[in-house]
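A.B. asks: quick check, what structure comes out for this input:
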Amino acid sequence: MKQYAIYMLTNWSNKVLYTGVTGDLKKRIWIHREKISEGFTKDYNATKLVYYELFDNPEAAIKREKQIKAGSRKKKNDLVEKENPEWGDLYGELWK
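C.D. replies: Next comes the predicted model:
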């Protein structure tokens, strides 16, 4: 069964925060890390995966992404810190 995900990336100083949605989390994060796609994450070196949620359908993932994007930076920080208080890179978890 296909899984969908919302995710948040930051740079190594945790100064920026990017929220995205994808149908292939491993591949999408790899693309960001390799700086293959142009845009915010490449410009701001946002390659550290600090948060993600998995969904069974794309509509739920897109709805959640919009909800997170509509929130304040503080709400996003609180969401990350609840699950990942050290703001560590979670990319390695995807391969377990």
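A.B. asks: just the strands in this protein please.
C.D. replies: 4-10, 18-22, 48-55 (DSSP state E).
A.B. asks: could you export those strands as a markdown table, including mean neighbour count and distance to E93?
C.D. replies: Just so you know, the C-beta spots here come from the backbone N, C-alpha and C atoms, and that holds for glycine as well. Shown next, in a markdown table, are these (neighbours: other Cβ atoms under 10 Å; distance: least, Cβ to Cβ, whole Å):
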| stretch | mean neighbour count | distance to E93 |
| --- | --- | --- |
| strand 4-10 | 23 | 12 |
| strand 18-22 | 19 | 16 |
| strand 48-55 | 20 | 8 |
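A.B. asks: for these, give me TSV that also has mean pLDDT and distance to W30.
C.D. replies: As requested, those are exported to TSV (pLDDT from 0 to 100; distance: least, Cβ to Cβ, whole Å):
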stretch	mean pLDDT	distance to W30
strand 4-10	98	12
strand 18-22	98	11
strand 48-55	98	10
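A.B. asks: among the ones you listed, which is nearest K82?
C.D. replies: Closest to K82 of the strands of the chain is strand 48-55 (Cβ to Cβ; 9.1 Å).
A.B. asks: residues making contact with that closest one?
C.D. replies: With Cβ atoms under 8 Å, 6 or more residues apart in numbering as the test, strand 48-55 has contacts from 3-12, 14, 25, 29, 61, 64, 79-80, 83-84, 87-91, 94.
A.B. asks: recalculate using a threshold of 7 Å.
C.D. replies: Counting by Cβ atoms under 7 Å, 6 or more residues apart in numbering, strand 48-55 makes contact with 3-12, 25, 29, 61, 64, 79-80, 83-84, 87, 89-91, all of which sit outside it.
A.B. asks: state the phi and psi torsions of I36.
C.D. replies: phi -80, psi -40 (degrees, to the nearest 10).
A.B. asks: which non-adjacent residue is nearest I68?
C.D. replies: Closest residue in space to I68, ignoring its immediate chain neighbours: T19 at 5.1 Å, by Cβ to Cβ, 6 or more residues apart in numbering.
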